[in-house]
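**Q** Here you go, sequence then predicted model.
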Amino acid sequence: MAMEGFSGVLRRLEVDGKISLIPKCKKGHISHLIFADDLMIFVKAVSDSVIASLGALDGFASYSGLHLNRAKSSIILEGLTHSNRMQLLELTGSLKDGKPDSYPMRGGCSLYPLFFKAAISIGQASSAPDLALLLREKFTISPGKLSANQNMKEGLGLKRIKEMNVAGIMKQFWWIASHKNSFWVNWIYTRYLKNDSIWTVRPSSNSSWVWRKIIKYRDIIEPHVHHLIGDGRLTNLWLDNWHPSGILLKRFGDRIQYDVESPRLAKVVDILREGEWHPSPPTSMELMETWGALPDIHKLPYADRDMVVWKDTLQDPFPPNQVGILCGIMPLRLSG
């Protein structure tokens, strides 16, 4: 989760024009890739981009304690004259000069003309001394006695690892459910959700560990994620949480879509006409219940797009708002 902060720094540098991306990476706004403690940065081989990238790493280290391990990091330069190559290597200090053919990437970004391969390690200066300082602020230590100071009532400021892990997974789920415009979310929809919804898809036996973890917490997140209907074009009629009964396919089963001869991926717009509800005649008790609740559903203006919002509930496993706060989501309170 800490590396998300670094992603934000690079996004800001890209928006401000302080780094230039490799041409093949511009469309997807791919400035870097992260896996565990490995980091790869893709920028043009110009001095401004190199200086800004190194400055981002130094700034990130100052507030996170995660430092660049120069002994295990390298820079790959290609398509440059010898003099330009030496100038950029001098800017990077002690980074090793890597070989372009050592890191092939097929079907993705070209490595031309600059590629950092950085190893991130935890700096000693940001661990034990800081924790010792924190403990001295919160406790008074005397021989044979440990007593809390007055400001201890505010707590140590530490978060439970289990809750933070759950919050991180829920944040990823929120990105998917709210269709965040990102390379990773687009890949998820292409790989796992081409013909299904995040709420109803079943992970296959060869699904990744991360994907199975995301699906594991689906039932906890479901009451929070709600669709507000505008023009109805972005919300699945049977597979999204927009109706008072919840996700209709989970509530009534596959039969409800067969009763109206509707495809699995039908949209809410299919039962709207000029902004007003216009469903097909009910042919079952389930449809009578479903269509009967439509007049009570609050809708956005028909000209607006559908919205995905975070809804607080009284049955939260965490204190009020804590899930949304941990996930970086601003909750929107809805009636009911």
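**A** Okay, I see it. Model, not experiment: these values are computed from the prediction.

**Q** the strands in the stretch 201-336 of the chain, which residues?
**A** 225-228, 272-273, 276-277, 307-310 (DSSP state E, counting those that start in this stretch).

**Q** Redo those strands as a markdown table? Include mean neighbour count and distance to Asp58.
**A** (Each C-beta comes from the backbone N, C-alpha and C, glycine too.) Below are those laid out as a markdown table (neighbours: other CB atoms under 10 Å; distance: least, CB to CB, whole Å):
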| stretch | mean neighbour count | distance to Asp58 |
| --- | --- | --- |
| strand 225-228 | 20 | 38 |
| strand 272-273 | 15 | 53 |
| strand 276-277 | 13 | 57 |
| strand 307-310 | 18 | 35 |
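
**Q** Tell me which of those lies nearest to Arg202.
**A** strand 225-228 (18.7 Å; CB to CB).

**Q** Can you list the strands that that closest one pairs with?
**A** strand 307-310 (antiparallel) (DSSP bridges).

**Q** Tell me how this protein divides into domains.
**A** 3-122, 164-327 (automatic domain parsing).

**Q** In a markdown table: those domains, plus mean pLDDT.
**A** Output for the domains of the chain, formatted as a markdown table (pLDDT from 0 to 100):
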| stretch | mean pLDDT |
| --- | --- |
| domain 3-122 | 72 |
| domain 164-327 | 85 |
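
**Q** related to what we said a few turns ago, for the strands of the stretch 201-336 of the chain, could you give me JSON lines that also reports distance to Gly55?
**A** Listed next are the strands of the stretch 201-336 of the chain as JSON lines, based on distance: least, CB to CB, whole Å:
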{"stretch": "strand 225-228", "distance to Gly55": "38"}
{"stretch": "strand 272-273", "distance to Gly55": "51"}
{"stretch": "strand 276-277", "distance to Gly55": "55"}
{"stretch": "strand 307-310", "distance to Gly55": "35"}
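
**Q** Chain neighbours aside, what residue packs nearest to the residue sitting nearest the centre point of the chain?
**A** Closest to where the C-alpha atoms of the chain average out (CA atoms, centre = their mean) is Gln172, at 4.2 Å. Leaving aside its sequence neighbours, Gln172 sits nearest to Ile214 (CB to CB, 6 or more residues apart in numbering; 5.8 Å).

**Q** Contact partners for the one you found?
**A** 169, 172-173, 176 (CB atoms under 8 Å, 6 or more residues apart in numbering).

**Q** Distance-wise, check it relative to Trp310.
**A** From Ile214 across to Trp310, the span is 17 Å (CB to CB, to the nearest Å).

**Q** got the residue ranges for the helices in this structure?
**A** Using DSSP state H, the helices of the chain run over 3-15, 23-26, 47-64, 82-91, 128-138, 161-177, 183-191, 209-216, 218-221, 248-252, 255-259, 285-292, 322-327.

**Q** Which one, of the ones you listed, ends up nearest to Ile34?
**A** helix 3-15 (5.1 Å).

**Q** Need the contact partners of that closest one.
**A** By CB under 8 Å, 6+ apart, the list of residues contacting helix 3-15 reads 19, 21, 29, 31-32, 34, 39, 41, 52-53, 56-57, 59-60, 63-64, 66, 120.

**Q** rerun that using 6 Å as the cut-off
**A** Around helix 3-15, the neighbours that count as contacts under CB atoms under 6 Å, 6 or more residues apart in numbering are 19, 31-32, 34, 52, 56, 60.
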